[in-house]
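> using only what follows, build the 3D model:
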Amino acid sequence: MAGLIKREDIDEVRQRTDIKEVVDGYVTLKGAGLGTYKGLCPFHDERSPSFTVRPQVGRYHCFGCGEDGDVIAFVQKQDHTSFHEAVEKLAARIGYELRYEDGGTGPNREEVGKRQRLLDAHKIADEFFRAQLLTPGAAEGRNFLYNRGFDRAASEQFGVGYAPQGWDALLKHLRGRGFTDAELKLTGMFSEGNRGIYDRFRGRLIWPIRDIAGDTIGFGARKLYEDDQGPKYLNTPETTLYKKSQVLYGIDLAKRNIAKDRQLVVVEGYTDVMACHLAGIPTAVATCGTAFGTEHIKIARRLLSDDGTGGEVIFTFDGDAAGQKAALRAFEEDQRFTAQTYVAVEPSGADPCELRQSKGDAAVRDLINTRRPLFEFAIRATLKRHNLDTVEGRVAALRESAPVVAQIRDAGIRPAYARELAGWLGMSVEEVSRAVGAAMKAASSGAQASPGTPSGAAAPVRTAQAGGPGVAAGPASGAVPSFNRPDPRDPVASMERQALEVALQEPALLGGGIWERFSAARFVTPAFQAVHDAMRASGPGLIGEPVRWVEQIMNEVPEPLRPLVSELAVVPLPASTAEAVQKYCRDILSRLFELQITRVKADKMGQLQRLDAAAHPEDYQRLNRELMMLEMERRALRSDA
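Reported below is the predicted structural model:
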């Protein structure tokens, strides 16, 4: 075996190597005083930069985890190499020829560490594939690229290659370069059968997958021929070099722009990365056959210097169900970022490559520039699962979307999204805010509480004997529905209660056209809605006979609410004369009808906000006309009152 590297050569390599330049290949460093640079530590996950580099003394130190050392130690730990391999790599970087104690020129190829042998094999394979793309047999591959808007210069920029259709073209090439079958089995570039190993990638377009330092560590291969029975995309399997959960395609090309622009764009495929870079979005990267996860976030945060001072991560997903699912998975990881997270989805469902083909580079830039906050996308994706034109659909949508809003960590942004959600649902801000608050409490306590239940709502109603007037009897388990006691501090619930008191005690006022308006009203308090349902079921036939009217309603309501109906029917109205009673009752009904108009307006405003005016101009104009008519009706009602 070759001897040790001479001590003076080790010292010379250490002295000549700029530690900042080496560390810059892995971590974004910023000036932190004269001759000092700081960044997020590559050895542990942190939010505030505590990794410090002092080029003048050739050292680094992390004040968070305690890791420290010189440039050789840094390369050893980052690349998982031996001391010898780290020195040799740095010597090659600066073009310094090492000497060894035995007078030799260092270890031969068989004695190089396993990792370096794997890197060498990948580098040679990368060169082989790229050369093959220029051969006559690769015409189908070149056509594929050309049809997607990529010329030869683009192919060379991204190192795209071609794997010949034979079974052993790459195998023969690497064997000819001195690699043993035992070594080649470890690369992931070969499969094994009864007759030994053979090329894993055959008749496919090839993309080299490189680590952040620019070393090729794996490949992605796209099917070109119909008789290929394999998957559309075939990647290198997990190896000691290639861990898909830790790899971002294009990171070697994008890293400096990511650091400079404080922006990371995550797309879904190799051609999407190419399209973005060529269209002027040089911060684009892609995952390799897996979701954007924790290890990817660590890479992103280090490059972004994700220290709370800005930066943005933009996810682009297909507009289909799978794309939306991927976006929601990204939302779940959002809490790990301090950078702002966004999503960019082309309405037609086109990915960046397709968009560039059909509409040009500007369309790709516009897609990224029209990004929406990931919070908004996650909420809207939740709302799409419900019919917002029905009361039941809006209530269900609130129950499902309130926990999404509750997850927003920024206390300044969360209330703003609660207000947005109220507009989209056509509900009051107070109602939505209560639901979000309840969801936050449930999340912090680990409970499975319904986010649609207002915070502070009382327990289910009790029996009249146990609880006094106006408290309904509790149902037997699973027999009949239970109702929460309406919150007396809720102004809407108070308004609805007064309207029911009037309707029960002075039903004659519901005659004529008033009945139609009253029966069409919507009550948001469940107990009061149940009483209103009983009134509608009874019909207007008995409104001239108050006793029979109340009796009929008592028979129609669920049994637990009968004490409540009894209370509403007898509670004194706040008026001392018959004339005052009539005026009070008419005022209450007018207020109820005005509230209904306000709710209908809110519903239509929600529809209007969800509507794309450019895509549906007629519907947009119709909704505006209806809103104008409702406002005129509301003003007339108030004037009459």
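
> who touches residue 251 in this structure?
Shown in contact with residue 251 (CB atoms under 8 Å, 6 or more residues apart in numbering): 210, 211, 212, 285, 299. Placement of C-beta: from N, CA and C, glycine included.

> next, count neighbours for residue 370.
12 (other CB atoms under 10 Å).

> for this protein, longest helix please?
Identified as the longest helix of the chain according to DSSP state H is helix 578-610.

> helices and strands around that helix, which ones?
helix 414-425, helix 491-505, helix 513-519, helix 617-640 (3 or more CB pairs under 8 Å, 6 or more residues apart in numbering; DSSP states H and E).

> I'd like these as CSV, with distance to residue 29 appended.
Output for the helices and strands packed on helix 578-610, formatted as CSV (distance: least, CB to CB, whole Å):
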stretch, distance to residue 29
helix 414-425, 34
helix 491-505, 57
helix 513-519, 70
helix 617-640, 51
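
> re the thing from before, in helices, which of the contacts of residue 251 appear?
Per DSSP H, the contacts of residue 251 map to helices at residue 299.

> what about the contacts of residue 251, which are in strands?
Mapping the contacts of residue 251 onto strands (DSSP state E) picks out 210, 285.

> neighbour-wise, which of the contacts of residue 251 leads?
Within the contacts of residue 251, residue 285 tops the neighbour count with 28 neighbours, counted by other CB under 10 Å.

> next, count neighbours for residue 221.
Neighbour tally, residue 221, other CB under 10 Å: 26.

> can you count the residues close to the nearest residue to it once chain neighbours are set aside?
Once flanking residues are discounted, residue 221 sits nearest to residue 204: 3.9 Å by CB to CB, 6 or more residues apart in numbering. Using other CB under 10 Å, residue 204 has 27 neighbouring residues.

> now swap in residue 94 and tell me
Neighbours of residue 94 (other CB under 10 Å): 11.

> so it touches residue 15, yeah?
No. If you go by CB atoms under 8 Å, residue 94 and residue 15 don't touch, sitting 10.2 Å apart.

> in a strand, residue 314, correct?
Yes. Under DSSP: H, G, I helix; E, B strand; the rest coil, residue 314 falls within a strand.

> quick one: the host helix or strand of residue 256 to strand 312-316, angle?
Using DSSP states H and E, residue 256 sits within helix 251-261. Orientation check (axes from the mean of the first three to the mean of the last three CA atoms, to 10 degrees): helix 251-261 against strand 312-316 gives 130 degrees.

> got the CA positions of helix 251-261 in CSV?
Extracted in CSV, the C-alpha atoms of helix 251-261 (Å, rounded to 0.1, in the frame of the first residue of the first chain):
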residue,chain,number,x,y,z
ILE,A,251,-29.5,22.2,-7.1
ASP,A,252,-25.9,22.4,-8.4
LEU,A,253,-27.0,24.8,-11.1
ALA,A,254,-29.5,26.8,-9.0
LYS,A,255,-27.7,27.1,-5.6
ARG,A,256,-26.0,30.4,-6.2
ASN,A,257,-29.1,32.0,-7.6
ILE,A,258,-31.2,30.6,-4.8
ALA,A,259,-28.8,32.3,-2.3
LYS,A,260,-28.7,35.6,-4.3
ASP,A,261,-32.4,35.9,-5.0
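
> now do the buried residues in that helix.
251, 252, 253, 254, 255, 257, 258, 259, 261 (16 or more other CB atoms under 10 Å).

> what does stretch 410-426 give?
By neighbour count on 16+ other CB under 10 Å, the buried set for stretch 410-426 is 414, 415, 417, 418, 420, 421, 422, 423, 424, 425, 426.

> residues in contact with stretch 488-500: which ones?
Under CB under 8 Å, 6+ apart, the answer for stretch 488-500 is 428, 454, 486-487, 521, 523-525, 528, 531-532, 568, 588-589, 591-592, 595.

> low-confidence ranges, the stretch 351-500 of the chain, go.
Along the stretch 351-500 of the chain, segments meeting pLDDT under 70 span 445-482.

> okay, strands next: where are they in it?
Ranges of strands within the stretch 351-500 of the chain are 372-373, based on DSSP state E, counting those that start in this stretch.

> for residue 269, find the nearest of the helices and strands packed on helix 578-610.
Judged by CB to CB, the one of the helices and strands packed on helix 578-610 that comes nearest to residue 269 is helix 414-425, at 31.0 Å.

> export that closest one to CSV, keeping only CA atoms.
The C-alpha trace of helix 414-425 is given here as CSV (Å, rounded to 0.1, in the frame of the first residue of the first chain):
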residue,chain,number,x,y,z
ARG,A,414,-54.0,34.2,10.8
PRO,A,415,-56.8,36.7,11.5
ALA,A,416,-56.5,38.1,7.9
TYR,A,417,-57.1,34.6,6.5
ALA,A,418,-60.0,34.1,8.8
ARG,A,419,-61.5,37.3,7.3
GLU,A,420,-60.8,36.0,3.8
LEU,A,421,-62.4,32.6,4.6
ALA,A,422,-65.5,34.5,5.9
GLY,A,423,-65.8,36.2,2.5
TRP,A,424,-65.3,33.0,0.6
LEU,A,425,-68.0,31.3,2.6
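
> show me what it is packed against.
helix 374-383, helix 391-406, helix 429-445, helix 578-610.

> chain center to the longest one: distance?
Taking the mean C-alpha point of helix 578-610 and that of its whole chain, the gap between them comes to 39 Å (CA atoms, centre = their mean, to the nearest Å).

> repeat that for the second one.
When distances are taken as CA atoms, centre = their mean, helix 391-406 is centred 18 Å away from the chain's centroid.

> report the buried residues of it.
Neighbour count says helix 391-406 has 394-406 buried, by 16+ other CB under 10 Å.

> and what of the third one?
Neighbour-count burial for helix 429-445, with 16+ other CB under 10 Å as criterion, is recorded at 431, 432, 433, 434, 435, 436, 437, 438, 439, 440, 442.

> residue 552: which of those residues is nearest?
Among these, and counting by CB to CB, the member closest to residue 552 is residue 431, at 31.6 Å.

> so the closest one versus residue 125, what's the distance?
Going from residue 431 to residue 125 by CB to CB, to the nearest Å gives 61 Å.

> got it, and residue 71?
Using CB to CB, residue 71 is found at 29 Å from residue 125.

> right, I'll call it a day here.
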